[in-house]
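Visitor: Predicted model follows, preceded by the sequence.
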Amino acid sequence: MFKREPVAYAIGEDQFKLFELVPKEGVPLAPGDKVYIGKDLELRQEILHVKKRISYNELTNAAQSELPFVIMQVIKAHEERFLKFFNESQPITSRFHMLELLPGLGKKTMWALVEERKKGPFRDIAEITQRVPLAHQIEKHVAQRIEEELRNPDEKYRIFVAR
């Protein structure tokens, strides 16, 4: 008789790749739990195996609704990576800057960020908001961009999500 196996969805912290995983029997997993899926079987406590890499559209509706919260957790856990983006982002063309790819950041905010970082690099995300009053909820803008890149795999400019 056909038996369905339980699955869990995961997002990679470095390249934001989406995976379908098969958890070990009897291991409770909750949204946002961190699990190891590498080759070292001793470290792999919760996951039996990686079933496949998936696209955003293959996620269930529940997983899609949880995704923004999980992305925010990753951003907060790896703040230095995203801070580096704000300190080192460059123009893509003579009329378009990488910062403008973030939803909610227009030219005025982008120029304010560029001018402010000339005075010195930002030390943390909170400092960006302090020094540039136009730039509020920076983590939210980054999370929206990551989700947009996941939703649209043919996105011309990809900043955070690996192909």
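Guide: Yep, it's here.
Visitor: any weak-confidence spans in this protein?
Guide: Applying pLDDT under 70 to the chain picks out residues 1-2.
Visitor: any chance you could map the strands in it?
Guide: 8-11, 18-23, 47-54, 91-93, 96-97 (DSSP state E).
Visitor: how about a markdown table for those, with distance to residue 137 added?
Guide: C-beta here means a position set from N, CA and C on the backbone, and glycine is covered the same way. Shown next, in a markdown table, are the strands of the chain (distance: least, C-beta to C-beta, whole Å):
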| stretch | distance to residue 137 |
| --- | --- |
| strand 8-11 | 21 |
| strand 18-23 | 24 |
| strand 47-54 | 29 |
| strand 91-93 | 23 |
| strand 96-97 | 19 |
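Visitor: out of these, deepest packed?
Guide: Of all the strands of the chain, strand 8-11 has the most neighbours on average by mean count of other C-beta atoms under 10 Å, namely a mean of 20.
Visitor: That one - contacts with which helices or strands?
Guide: strand 18-23, helix 61-77 (3 or more C-beta pairs under 8 Å, 6 or more residues apart in numbering; DSSP states H and E).
Visitor: Mind doing that once more with 10 Å?
Guide: The helices and strands touching strand 8-11, judged by 3 or more C-beta pairs under 10 Å, 6 or more residues apart in numbering; DSSP states H and E, are strand 18-23, strand 47-54, helix 61-77.
Visitor: and these as CSV, adding distance to residue 36?
Guide: Formatted as CSV, these follow (distance: least, C-beta to C-beta, whole Å):
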stretch, distance to residue 36
strand 18-23, 11
strand 47-54, 7
helix 61-77, 15
